[in-house]
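Enquirer: let's see this in three dimensions:
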Amino acid sequence: MATTSHRPLGLWKEHRAGRGPIGLWLVLALALALRVWKLGDKNIGLDESTSWYLAKSSVSGLVAWTAADMHPPLYYLLLKVWVWIFGDSLVALRGLSVISSLIALYLLFRLIEGAMPRAVCYAVMLWCALSPLSLYQAQETRMYAPATAVVLGACLAYRRWIESGATRRSALLLYGTAATAALYLHYYTVFAFIAIWLHFLIVGARTAAPDRTFAVWKAWIVTHVGVVIAYTPWIADALAQATRKQYWAPVTIGEIPDFAALLIRGLTFGDHPLPELLSMQGLLAIGVLALGGACLLMVVGRKRDEQDVFFASVAYLPGLLALSLLPVSGALELWWYVPYSSPLLVAAAARGLSRAGVPPRVVVGALCVAALSLVPSVITYYSTSEKDSDVRPVVAYLLAHARHGADAAFDPVYVVPIYIETKLNYYTRDAIPYLWVPPDADLGSLGQAPSSDGRGAWLIADMHSESGFAELERDPHLQSVHVPGNNPERVRLFHLAPP
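Expert: Below you'll find the predicted structure:
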């Protein structure tokens with residue numbers, strides 16, 4: 001009887017183990033629900049519209065455009081395939097980032113599951129599932145969520161290689177592939193690989209058997225030579241972009257501490273709002289990150305454990321390197337450029353608290369309380385209806401009141417600045433041809449365009465217009481148009497009446 005009663009129970013446990021940890025799937029389900037909720041509600045952002053424009057372009061045009069811009073081309077190529085399969089609705093466009101964000105969470109779990117107690121792993125996952133930065137980037141048609149997933153994939157593959165005593169060639173191959181993909185997604189991913197190199201130099205290479213030192217180094221170098229060869233077609237363009245003058249505000253060395261505080265707040269709370277460091281939110285979330293990080297660094301100094309060095313390197317070095325470049329790069333919202341640091345900071349804090357001897361239940365409690373402190377920022381994100389300027393009300397008004405389409409007697413529609421044309425085109429496609437306002441143009445002459453047929457023309461002005469709304473309001477040729485549902489602080493519509 002004992003045999004028959006215990007055997008089914010053992011089989012049931014094996015069956016459950018084969019299905020994977022239920023906690024992981026529950027957290028992933030929560031993350032999925034949060035990332036698809038109101039996915040298509042917010043208007044398309046300016047950068048998102050650029051992604052859409054490139055995804056609809058030819059491959060040669062896409063590559064040429066990105067070579068002249070500031071980002072590598074892989075994300076846009078992936079999005080082009082994605083759009084071909086799923087279409088270009090806002091939900092479809094953002095779906096690639098949603099999937100990437102979920103993949104990143106899964107890879108994070110696999111990265112940390114052997115480095116801390118299982119309950120602590122779930123608490124880390126809960127924090128990252130609620131992360132406002134992760135939520136924002138999961139609903140953004142940009143490369144940040146895919147880049148985070150690929151960097152975490154590279155970290156996981158590297159860990160698998162190291163933990164095998166540097167014998168698992170398939171893991172090293174996956175690492176090299178992920179490294180190449182990451183560099184083609186975003187240039188600032190290079191900082192993660194510098195951190196991995198640092199770990200390999202300090203302790204990683206020593207994990208192999210002494211008689212394999214030469215073989216390990218050979219495999220490591222050959223892998224990175226392969227990454228360089230795979231990146232060779234883009235190296236010239238990357239160097240040209242790196243040396244091209246950008247129009248970011250200059251940053252002095254004395255200002256770097258302020259940017260460091262902004263970086264930590266941004267990685268923790270997302271783009272907006274950014275709670276003060278001494279607010280209750282800041283003390284809870286950033287306090288846990290700081291305490292855990294301090295514990296980890298102390299443990300590294302005492303024990304030099306290989307895993308401790310790894311988590312400290314990948315969590316802290318990328319942000320430090322990005323900050324050190326600010327005097328050269330100019331003012332950047334760095335949490336957008338090193339978003340992969342956000343989950344790694346949480347993982348490093350959890351590892352530090354665990355390694356410092358804090359009981360797992362206390363670590364879990366601290367992480368969960370800190371994760372709950374993110375909820376106000378999450379609520380604010382979902383209650384915000386706009387991404388930069390929402391042009392949808394203006395577009396709807398023009399489609400209803402301006403002549404457009406194939407008719408030769410269409411009403412000219414001018415745009416300032418011209419780069420918001422991609423946002424407008426997303427909603428109107430080819431229905432309205434938008435026109436550029438030349439520098440120092442006489443707005444009165446624009447209202448006399450022959451195609452206006454005595455009806456005048458229209459001018460759409462974004463809040464980033466160089467002339468500013470106040471100057472446009474003073475121009476006698478412009479008549480401000482009240483557009484129902486429009487936010488006049490962000491975008492305005494004017495009528496250029498003929499004299």
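Enquirer: buried residues in stretch 189-204, which are they?
Expert: In terms of neighbour count (16 or more other Cβ atoms under 10 Å), stretch 189-204 has its buried residues at 189, 191-193, 195-196, 198-200, 203-204. Yep, even glycine has a C-beta here, placed from its N, CA and C like the rest.
Enquirer: what about that stretch, average pLDDT?
Expert: The average pLDDT within stretch 189-204 is 96.
Enquirer: now do the contacts for the nearest residue to residue 318 once chain neighbours are set aside.
Expert: Closest residue to residue 318 apart from its sequence neighbours, by Cβ to Cβ, 6 or more residues apart in numbering: residue 191 at 3.7 Å. Taking Cβ atoms under 8 Å, 6 or more residues apart in numbering, we find residue 191 in contact with 317-319, 321-322, 338.
Enquirer: need these in a markdown table with neighbour count, can you?
Expert: Formatted as a markdown table, those follow (neighbours: other Cβ atoms under 10 Å):
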| residue | neighbour count |
| --- | --- |
| 317 | 19 |
| 318 | 26 |
| 319 | 23 |
| 321 | 16 |
| 322 | 21 |
| 338 | 28 |
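Enquirer: surely residue 183 touches residue 192?
Expert: No - using Cβ atoms under 8 Å, residue 183 is not in contact with residue 192, being 10.1 Å away.
Enquirer: what's residue 275 sitting at in phi/psi?
Expert: For residue 275, the backbone dihedrals (degrees, to the nearest 10) come out as phi -60, psi 150.
Enquirer: sorry, that was for residue 491
Expert: The phi and psi values for residue 491, taken as degrees, to the nearest 10, are phi -150, psi 140.
Enquirer: ok, it touching residue 390?
Expert: Yes - counting by Cβ under 8 Å, residue 491 does reach residue 390; the two are 7.1 Å apart.
Enquirer: the two - which one has more neighbours?
Expert: Taking other Cβ atoms under 10 Å, residue 491 and residue 390 do not tie; residue 491 has more neighbours (26 against 20).
Enquirer: which residues does that one bridge with?
Expert: According to DSSP bridges, the residues that bridge with residue 491 are residue 462.
Enquirer: not counting sequence-adjacent ones, nearest residue to residue 344?
Expert: Closest to residue 344 by Cβ to Cβ, 6+ apart is residue 315, at 4.3 Å.
Enquirer: no, scratch that, I was asking about residue 136
Expert: Leaving aside its chain neighbours, residue 136 sits nearest to residue 270 (5.1 Å; criterion: Cβ to Cβ, 6+ apart).
Enquirer: that neighbour contacts residue 380, correct?
Expert: No - here residue 270 does not reach residue 380: they are 9.1 Å apart, not a contact under Cβ under 8 Å.
Enquirer: who has more neighbours, those two?
Expert: Neighbour count, other Cβ under 10 Å: between residue 270 and residue 380, residue 270 has more, with 25 against 14.
Enquirer: tell me how far the more buried one lies from residue 280.
Expert: 17 Å (Cβ to Cβ, to the nearest Å).
Enquirer: no further queries at this time; thank you.
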